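Sequence and predicted structure below; questions after.
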Amino acid sequence: MLSPFSRRRPLLIAEWKSDESKFGSSLENTNPYYCLQTAMPRSFQPGLASSTNCSKTFSGHTGQKTSQRIAKGSVFFRSINHMKPLTTSLKSIESYLAELEMIDWFSHVGCDYQKPGIRLVSDWEEACRWTSQPISEWCDLEAKQRIYRFMSAAHYDQFAKWNEVAKSILPLIEPLVDMVRPHFPADSPDNAIDWFQCQLVGASMELYYATCIDSKLFRDQLEIYKQGHFACGWYVESEVRFPEHAILIVY
């Protein structure tokens with residue numbers, strides 16, 4: 001198994017806190033995983049930047065220049081000079097989550113599934129292991145960082161509301177997580193549920209910023225759930241090959 005790529009470039013993470021005082025619209029409180037990356041397994045946290053370091057890195061000029069350099073010339077995002085109001089964007093997320101409620105969850109796990117860019121695993125135990133593999137977690141974080149970096153560089157006014165958006169999205173996601181939880185095996189580790197919630201967070205952020213970004217990495221994963229399977233991990237040989245050559249692990 002490949003080691004995660006965090007030693008070559010710091011990854012950013014902060015656990016969501018329900019304390020109202022933790023949220024704010026000021027850039028000093030803005031970082032890519034503040035209230036977004038919920039319940040990430042502790043084993044992946046050592047060596048990652050703290051929430052304080054995140055805000056200092058990305059609220060200063062260095063963070064802006066880095067984001068601009070990364071976003072320049074990218075075909076992954078498109079720059080549009082407007083965004084839908086928050087309420088309208090949240091309604092699109094609500095509609096999307098309502099569609100997901102209709103899925104026949106995990107009805108075809110273990111069955112053959114043919115789709116380009118996937119690798120099948122054979123049982124729940126292996127699937128759950130993939131949800132906490134460092135390479136899976138790296139890909140999940142990198143996919144979210146792409147949204148964050150682009151928004152901070154190209155749509156700075158909207159980017160300043162990152163925490164407000166995250167705070168609004170989480171209550172929409174949690175009921176679906178609770179609904180799907182009983183469909184996992186009774187002995188499934190918590191990291192499997194956490195992985196599913198992280199996918200929903202990513203898909204919701206893609207939808208919320210859909211007028212600014214052209215990203216479907218997380219929604220493509222959730223399409224696999226609609227086929228009765230479990231998109232349980234990610235694999236890529238090197239960070240420069242993500243996301244174009246990343247492989248989805250599927251049960």
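It's in. All values derive from a computational prediction rather than experimental measurement. Numbers count the residues shown, from 1 in each chain.

Name the nearest residue to Phe218, sequence neighbours excluded.
Gly202 (3.3 Å; CB to CB, 6 or more residues apart in numbering). All C-beta atoms are positioned from the backbone trio N, CA, C, and that covers glycine.

Pretty sure the one you found sits against Glu142.
No. Applying CB atoms under 8 Å as the test, Gly202 and Glu142 come out as separate, 10.8 Å apart.

lowest-confidence helix or strand of this structure?
Within the chain, no helix or strand scores below helix 51-59, which has a mean of 29 by mean pLDDT, DSSP states H and E.

how close does Gly117 get to Ile224?
11 Å (CB to CB, to the nearest Å).

Between these two, tell me which one has more neighbours.
Neighbours were counted for Gly117 and for Ile224 using other CB atoms under 10 Å; Ile224 has more, 19 against 12.

so the more buried one is in which element?
In the assignment (DSSP states H and E), Ile224 maps to helix 217-226.

counting contacts, what elements does that helix pack onto?
With contacts defined as 3 or more CB pairs under 8 Å, 6 or more residues apart in numbering; DSSP states H and E, the packing partners of helix 217-226 are helix 86-100, helix 190-208, strand 231-235, strand 247-250.

Can you list the neighbours in contact with that helix?
100, 103, 105, 113, 115, 118, 143, 199-203, 205-207, 230-231, 243, 248, 250 (CB atoms under 8 Å, 6 or more residues apart in numbering).

Please pick the buried ones from those.
100, 103, 105, 143, 199-203, 205-207, 230-231, 243, 248, 250 (16 or more other CB atoms under 10 Å).

can you list the weak-confidence ranges in the stretch 51-200 of the chain?
51-86 (pLDDT under 70).

Show me where it has its strands.
118-120 (DSSP state E, counting those that start in this stretch).

tell me the phi and psi of Gly228?
When read as degrees, to the nearest 10, the backbone of Gly228 gives phi 90, psi 10.

Thought Asp112 was touching it, still the case?
No. The pair Gly228 / Asp112 is not scored as a contact, 11.7 Å apart, by CB under 8 Å.

Among these two, which residue is more densely surrounded?
Gly228 (16 against 6).

Distance check, the nearest residue to the more buried one once chain neighbours are set aside against Val250.
Sequence neighbours aside, His108 is the residue nearest to Gly228 in space, at 3.2 Å (criterion: CB to CB, 6+ apart). As judged by CB to CB, His108 and Val250 stand 10 Å apart.
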